[in-house]
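[1] one predicted model, sequence on top.
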Amino acid sequence: MKTPRREFLAAVAASTVACGGHPSRWRFLTQEEANTLEAVCAHIIPADRDPGAVQAGVVNFIDRQLSGFYKAHRKTYREGLASLGASFVKLSGGQQLAVLKGLEKKRSPFFELALTHT
C-alpha cells in the first residue's frame, strides 16, 4: 500500500518536531560537544599563515568517523568532552591551553585520541 505524499510529509514533520524540531548537522556529537572539540582542535593545529584544524573541518571529520570507523572511540570522546564541560569554550586561550597541557601530561585517553585524529 502506497502512503500518500501528504501523509508522508506530515509524518516527517512530526518526527522532526518530536526530535526537538532542530535538525543537527552533527551525526554523533551534540552542538555543545562539537564546540568544545573545536576549541581543543584549534589548539592542536592552530591557524597561522595556513588554515588550522578548524578551517580544515577536523571536527566534522571526527564526528562523521565516530558514526563509522571510530565507533569504538565514542565513549572516550563523550566522557572526555564531558570532563571539559561547556565552560571550556568560555575560558581564555591561555586557560584552555593550560587545561590541555594537563591532559597531555596525564596522557588522557581522550586527549591522545583528539591529538591523533586531528
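    Structure's in. What do you need?

[2] separation between the closest residue to Leu84 other than its chain neighbours and His73?
    Of all residues not flanking Leu84 in the chain, Thr36 sits nearest, at 5.4 Å (CB to CB, 6 or more residues apart in numbering). Where C-beta positions appear, they are placed from N, C-alpha and C, glycine not excepted. Applying CB to CB, to the nearest Å, the value for Thr36 to His73 is 16 Å.

[3] ok, these two, which is more surrounded?
    Thr36 (24 against 19; other CB atoms under 10 Å).

[4] pretty sure the more buried one contacts Phe88?
    Yes. Between Thr36 and Phe88 there is a contact at 5.2 Å, judged by CB atoms under 8 Å.

[5] can you get me a residue count around His43?
    17.

[6] equivalent analysis for Asn35, please.
    There are 15 residues near Asn35, going by other CB under 10 Å.

[7] SS state for it?
    For Asn35, the assignment made with DSSP: H, G, I helix; E, B strand; the rest coil gives helix.

[8] leaving out chain neighbours, which residue sits closest to it?
    Distances taken as CB to CB, 6+ apart put Val89 closest to Asn35, at 5.2 Å, once the chain neighbours are dropped.
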